[in-house]
Every structure is written in C-alpha cells, then in structure tokens.
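1. Structure here, sequence nowhere to be found:
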DNA sequence: TAGTGGTCTAGACCACGTG
DNA sequence: ACGTGGTCTAGACCACTAC
C-alpha cells in the first residue's frame, strides 16, 4: 500500500468520480484544461497526465482544437471494442438483433454470483438472436439486475434506437467499460440448432460474458452460443 | 499523411530501430535517461514520452531507482500476455510441452499467405501437445519459416530451456510482440480425439494463431485444437 | 551515498477546429 | 481570429535501488 499517492492519481480519481456522478453527460465537452487544472489545484501538465489515463481507458476522448469529451457508446465504439466476430476477410459489421423473449425472474445461485446479487434477487431474462445478412450467428440468454434498470420494459428494450449498451448508458447512466468472456466448445442442443439453423451434432462456441461498469460493478451477464460457419471470433494477444 | 512528425515520435522510432538492431540485449539496461536524451537531441521530458510508448508496447520495462531494461520473454510474461487458458477458479499455469513430431516441409498456399512467404518456401512443421496435470489440453500444429530460424533442429527445439517464444528471442533475436487468433468451433477428428483423450463426437476450439514481431513480421503460425473440459479461453474486451 | 526513474511545475510555441 | 489540445523545454525535488 503506497503511503504517498501522486497528485495526478488523486486528480484522476476526482475526475473519474465527477464523470461517474454524471457531472458531464456522455458526448459533452469538459471545461478547458487550464480551467480544470486550476479547479483541481494542479498544473496543466499534471492535469493532462490524469486525463491521459482516462483517455487510455476510453472514458474520455480528446479532439485537438475542439476539446475533451465524455466517451459515449456509439455503434462504432461498440463494433471496435465489444464485438469480436469478423468474417473470412477479417471485416466487422454490426449484426441485426431479434428479440425472442423478455421475462422477469429470480437470480439463480450462478447468476447471483456473477452479478454480485443476493440469491433470488429480481432479474430480467432476455433471449435475443443476432444475425448477419439474415443468417443467424449468435443466440444470447441475457440476465440483468432489476436494481440497475428499475423501469425497464419489453417495449423499451425492443424499441431502443441503438445498441443495448447505449441504452444502458443513455437511459440509466450505466456505462459499460469492460467485458470478460470465458469461451468453451459445446454441442448445440436441439432448440439452439433450430434457431441457429444448424444440423446436429453441431459444434458451437459457448461464451459466458459479463459486462462491468466502473469499480468492476457487474451490469449484465449472458450465455451466448455462436455459430462459426462464416464468421470467427478474433482475439489479439500481446501489445495493443 | 502528417507532414510534421513530432520529435518524440522520431525519437521513438530511432529507439525502436536500435532495439530491433540488438544494440542492447534482452534484459539489459539502457543508458540513463539524461544520456539518451542528449544522444537523441531531445529534452528528458521528450525522451521519456518516447520511452513511455515503448513501455506500453512491452518492448521496454522501467524499474524505478534501477534503470530502463529491454523486455525479455520470461515464463511470467508468456503466461500473462500470450497464454489465454484459465481453470474454473480463473487461475493460470503454464502447461507442460510434449513434442510429437518435427519435420521439414514446404509452405502450402495457406501457410505461405499467413507467413508472407512465397508458396513452397521451406518451413519447419512441428506437432506439439500441451498438458496441465498430465491431462492433454492443446494440440498444436506449428509452421515456422526456415528463413528466420536457419539452424533449427529437432534437438535444439526439444531441449530448449524455456518457452518457444523465449527460444526465438534468445537464439534468433526474434521477439514476438503480438499474436492474432481466430477462433471457431469444430468436431475433433479421430486422431485428435485420441491425443486429447476425448470421446467423439467431441467439440473443441479450433484456433488459428499467427505470431508477429515488430513491423508485423510473421514469425510462426499454428493450428491449435483446445479441449475445454476443465479450462476455458479467457478474453477481456474494452478497457485493459 | 550515489544514481536511477517518478513527479510536478511554469511557460513558450505549434497544429487544429470552429465561428 | 480565437480557443482548444499537442509538443517541447528546463529545472526542482521525491522515491527507490544498489552498493
């Protein structure tokens, strides 16, 4: 445990806290750097070092000549940061989404552990099918805590304008910053084969994905079956 | 195309070129920052910004009070950066390696494309089995270009002291900085089932991994079948 | 104790974007 | 033309490591 916390780390923390509190909305510009530096009692150089870290974590975006902005979940950031599937040519495109079912339920032991909830806590249970070019690609079984999304309804979910994460951010002030996925190989069950248009015995990727907001707060978790006929999961290890 | 390249970017390039040339060996310390700054005709602050970038890419490692060192492939870096498999508890351990076969061959069209070689160029063809706790986990079919590893023999490969990437680095001066993996689901063939101790029909992860050195120079490529009985592939998307 | 990288400052000038 | 972030400098002091 470091006794002495550097000034730029403390500035970083205070800035992050202000962002989390919603002091500036997603997409909105922060005050100019000299003003922020004065407010936090630091030099511009030190303030910049704090901002550098938040930019590296995609919480802030710098635009030279214009300003520093609060990061927001657009289709582009979604595709670049959270959608791992590429086609044979290595290209990415956002899939179409098809809502299969929307229910209220209670968290099982496994779901409760992943979402850091008490067992039996109310959750939304959503089944969703993602397709590219009318070919089914991903079957999602999503669970999200009632506590974070109190007034969510099937209509709100189905009629969202952008991605699911963008809905979390714009309507509930919850910003997903990281997801963790665990990938195994599995044989698709009969119903999954029908929905994904596969003929048994069909091997699929079985991905358990949990999304987190700041402070590693779990936002949603899903079990995802992926048909890798024409697309594959791309993973880059090492630098960058 | 930027007309004006910032000084710290030019310093970064010259530093990276010196590293690639092997001016300092992996694990060796660079000269102190004030001396490097003077050599490159920049202030210490600018030199530090260049070093920051190379540290972020894992090419350099800073140790306060001691110096700045050339990064080297230890078992730890291997595990942390290039080995994606974790057990149920989320823990990682390096697997044992078992050499199945070592041959000389010619690059097929597919291999040649991945390794940026002319078709038919000489390559080494290595089959390798990775196990954890005497349970087979990964079956690797590795291809590497003769050109990069001219005097490689089965004995040198089999009797290496550390990891394969560490061998590339210490004996051939080739440092892997990035790998790209494409993951699909597949059913293991009969021989793969035997080697991985699976009973058909057995779903496995089929991973095509290509490793790159600086300038995106391909170093090796492998087709890897992974049995996900007790371990899964962990992938983190978004920040960090 | 000497030498290393880590933090912090103050200020000058540049490149870019917006009006 | 103005205001923004981007680059670059010079120097002071701190924290850590090695001897």
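-> Thanks, I have the structure now. Predicted model, so just to flag it, every value in this text is computed and none were measured. Numbers count the residues shown, from 1 in each chain, chains lettered A, B, ... in the order given.

2. how about stretch A:140-148 against chain B, any contact?
-> No. Counting by C-beta under 8 Å from any C-beta of the partner chain, no contacts exist between stretch A:140-148 and chain B, the nearest distance being 15.0 Å. All C-beta spots, glycine's among them, are computed from the backbone N, C-alpha and C.

3. pLDDT of that stretch, averaged?
-> Averaged across stretch A:140-148, pLDDT comes to 97.

4. List the contacts of it.
-> Residues from elsewhere that reach stretch A:140-148, judged by C-beta atoms under 8 Å, 6 or more residues apart in numbering or on different chains: A:104, A:107, A:111, A:114-115, A:117, A:121-130, A:152, A:164, A:168, A:172, A:174, A:218-224.

5. tell me the strands in chain A, going along the chain?
-> Secondary structure of chain A by DSSP state E: the strands cover A:60-63, A:67-70, A:85-87, A:96-106, A:122-132, A:135-145, A:178-187, A:203-213, A:217-226, A:231-238.

6. Which among those strands is found nearest to residue A:14?
-> For the strands of chain A, the distance to residue A:14 is smallest for strand A:60-63, at 13.7 Å, taking C-beta to C-beta.

7. ok, of the contacts of stretch A:140-148, which come out buried?
-> A:107, A:111, A:114-115, A:117, A:123-130, A:152, A:164, A:168, A:174, A:218-222, A:224 (16 or more other C-beta atoms under 10 Å in any protein chain shown).

8. Could you chop chain A up by domain?
-> Per automatic domain parsing, the domain ranges recorded for chain A read A:7-70, A:75-233.

9. Quick one: end-to-end distance for the longest one.
-> Going back to what we said before, that points to domain A:75-233. One end of domain A:75-233 to the other measures 19 Å (C-alpha to C-alpha, to the nearest Å).

10. now the first one
-> Across domain A:7-70, the straight-line distance between its terminal residues is 22 Å, by C-alpha to C-alpha.

11. again with stretch A:88-102
-> Distance between the two ends of stretch A:88-102: 33 Å, counting by C-alpha to C-alpha.

12. who touches that stretch?
-> A:75, A:78-80, A:83, A:85-87, A:124-132, A:134, A:137-138, A:154, A:157-158, A:163-164, A:195, A:230-231, A:234.

13. Could you do stretch A:72-86 as well?
-> By C-beta under 8 Å, 6+ apart, stretch A:72-86 touches A:26-27, A:58, A:71, A:92-95, A:137-138, A:162-163, A:165-166, A:168-169, A:175-176, A:179, A:181, A:226, A:231-235, B:182, B:235, B:237-238.

14. change it to 6 Å
-> With C-beta atoms under 6 Å, 6 or more residues apart in numbering or on different chains as the test, stretch A:72-86 has contacts from A:26-27, A:92, A:94, A:163, A:165-166, A:169, A:231, A:233-234, B:237-238.

15. Kindly report the same for stretch A:37-51.
-> Residues from elsewhere that reach stretch A:37-51 (C-beta under 6 Å, 6+ apart): A:7, A:8, A:11, A:12, A:15, A:33, A:34, A:36.

16. Farthest-apart pair in those, please.
-> The widest separation within the contacts of stretch A:37-51 (C-beta to C-beta) is 17.7 Å, between A:12 and A:34.

17. And the two? Which one has more around it.
-> Taking other C-beta atoms under 10 Å in any protein chain shown, residue A:12 and residue A:34 do not tie; residue A:12 has more neighbours (22 against 11).

18. Nothing else from me, thank you.
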